[in-house]
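Asks: turn this into a model:
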Amino acid sequence: MVDLIVKKRNGLELNKEELTSIIDGFISGEIPDYQISALLMAIYFKGMNSMETAILTDLMMRSGDLIDLSAIEGIKVDKHSTGGVGDKTTLVLAPLVAAAGVPVAKMSGRGLGHTGGTLDKMESISGLSVNMTKDQFIDNVKSHNIAVCGQNANLVPADKKLYALRDVSGTVNNISLIASSIMSKKLACGADAIVIDLKVGHGAFMKTLKDAEELAQVMINIGANMNREVIAVITSMSEPLGYTIGNALEVKEAIDTLKGNGPEDLTELCLELGGHMLVLGKVAENHEQAVLKLKELISSGKAFDKFKEFVSAQGGDVNSIEHTEELPTTEHKRIYYSKEEGFLSDLNALDVGLASVKLGAGRETKDSAIDFGAGIRLLKKIGDFVENGDPLAELYSNDESSFNKAEELLNLAYKFTEKKPLEKPLILKTVR
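Replies: Prediction:
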């Protein structure tokens, strides 16, 4: 192992046999954490080429269970988001794409830190279960064209162990390690093709377009090495997506979007990603035709009908979907007012996300409890004119003492200018 650490430290390529011995030894406990940490630091500084990255992804993918979706007819297309604030895209996209005839067999994660988790949002619907056996998962997709559940505990264990070390050794932010982590999980879940929503900006892991493009290309190369088609859509996370941050609040906004009354940015993103999913799933000839099909499913009510079917199939209370006032709420509410006048020029998604965590909508540690009703409803977005004393946001919490901490973070999030800022596009680039 020392020789392999030195080899990578000197910038040389590790072959398949060497990488296999490393991953096998790490999983079995034969290679200690401190040596893997040293290797991770060498990779962080010297990088990995496309072949090394593809091999590492394959080894991580095969380190645990593999989900076989071959019993489900059609091309299974998955969507992955690299994480953002107010990102309730899966709640809209999964039923919308399923209604269009593409099977959606999706395993999602929970929120940690400033980014929310799809499973937490789903669990704000009374009775809805995200825990399924492999057979239940596949049966639901066969019967309803859709299932969204939590990841199997033995799915990609090598990634879990590696990420835990990366987190405490300062080696998270490496393109090859990020790409292999994302793609190993997606490929282990059995998808035939994958659309990546790659966030860039304040509230995302990728801070620059250049880094996002590099990560996109690495993930596409991994897919090509494993005979999977991957499309990466680079999208802006300079401000939260939509107007709500929090679990039940985001479910309500997702329902509005499925009914055709959602915020412009969320609707645009879902149509963009969904269009690519329909083309990859071979139910539309091109992106324009796919988007028209998705718009028709929203306007006809079929998209919302599929959402209700999906919720019911996983044990959720459909009545609370039809009457959203029955979704979880909070005892306390506070209005956050502007202390300045001008055009809103910056709304830092990271600070807003951290404020929602303080209110109880997210986790500060993996063991933190979630308050499903807590969160933030934004009343103004970038480009809006604001007068001193205007309400900027509504804060919701069951812990009244949390409001002051949340407001301290929101004070950092908002910036104003005299001139109206130029409108920034949401969809920055598509990489194939």
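
Asks: and the helices in the stretch 151-300 of the chain, which stretches?
Replies: Secondary structure of the stretch 151-300 of the chain by DSSP state H, counting those that start in this stretch: the helices cover 157-169, 175-188, 209-225, 247-258, 264-280, 287-299.

Asks: so for Leu350, which of those sits nearest?
Replies: Each of the helices of the stretch 151-300 of the chain has some distance to Leu350 by Cβ to Cβ; the shortest is helix 209-225, at 16.1 Å. Where C-beta positions appear, they are placed from N, C-alpha and C, glycine not excepted.

Asks: okay, and the closest residue to Lys16 other than its chain neighbours sits in which element?
Replies: Take Lys16 and drop its neighbours on the chain: the residue closest to it by Cβ to Cβ, 6 or more residues apart in numbering is Ile55, 5.1 Å away. Remark: Ile55 resides in helix 50-61, with elements defined by DSSP states H and E.

Asks: now Leu392
Replies: strand 391-397.

Asks: what's Val291 in contact with, if anything?
Replies: Contacts of Val291 were listed using Cβ atoms under 8 Å, 6 or more residues apart in numbering, and they are Leu271, Glu272, Gly274, Gly275.

Asks: could you measure the spatially most central residue of the chain against Arg363, distance?
Replies: With distances taken as Cα atoms, centre = their mean, the residue of the chain nearest its centroid is Ser81 (3.4 Å). According to Cβ to Cβ, to the nearest Å, Ser81 and Arg363 sit 18 Å apart.

Asks: kindly report the same for Lys381.
Replies: Taken as Cβ to Cβ, the span from Lys381 to Arg363 is 26 Å.

Asks: those two: which is more packed in?
Replies: Arg363 (18 against 15; other Cβ atoms under 10 Å).

Asks: so that one, which state does it fall into?
Replies: In three-state terms, and counting by DSSP: H, G, I helix; E, B strand; the rest coil, Arg363 is coil.

Asks: and the gap between it and Pro103?
Replies: Separation of Arg363 from Pro103 (Cβ to Cβ): 31 Å.

Asks: swap in Thr118?
Replies: Per Cβ to Cβ, Thr118 is found 18 Å from Pro103.

Asks: and those two? which has more neighbours close in?
Replies: Thr118 (25 against 22).

Asks: so for the more buried one, what's the nearest residue that isn't a sequence neighbour?
Replies: Ser108 (3.8 Å).

Asks: where does that neighbour land on pLDDT?
Replies: On the pLDDT scale, Ser108 is placed at 84.

Asks: next SSE after the helix or strand encompassing Val357?
Replies: Assigned by DSSP H and E, Val357 falls within helix 349-359. Note on helix 349-359: by DSSP H and E, the next helix or strand toward the C-terminus is strand 375-378.

Asks: same question for that next one, mean pLDDT?
Replies: 98.
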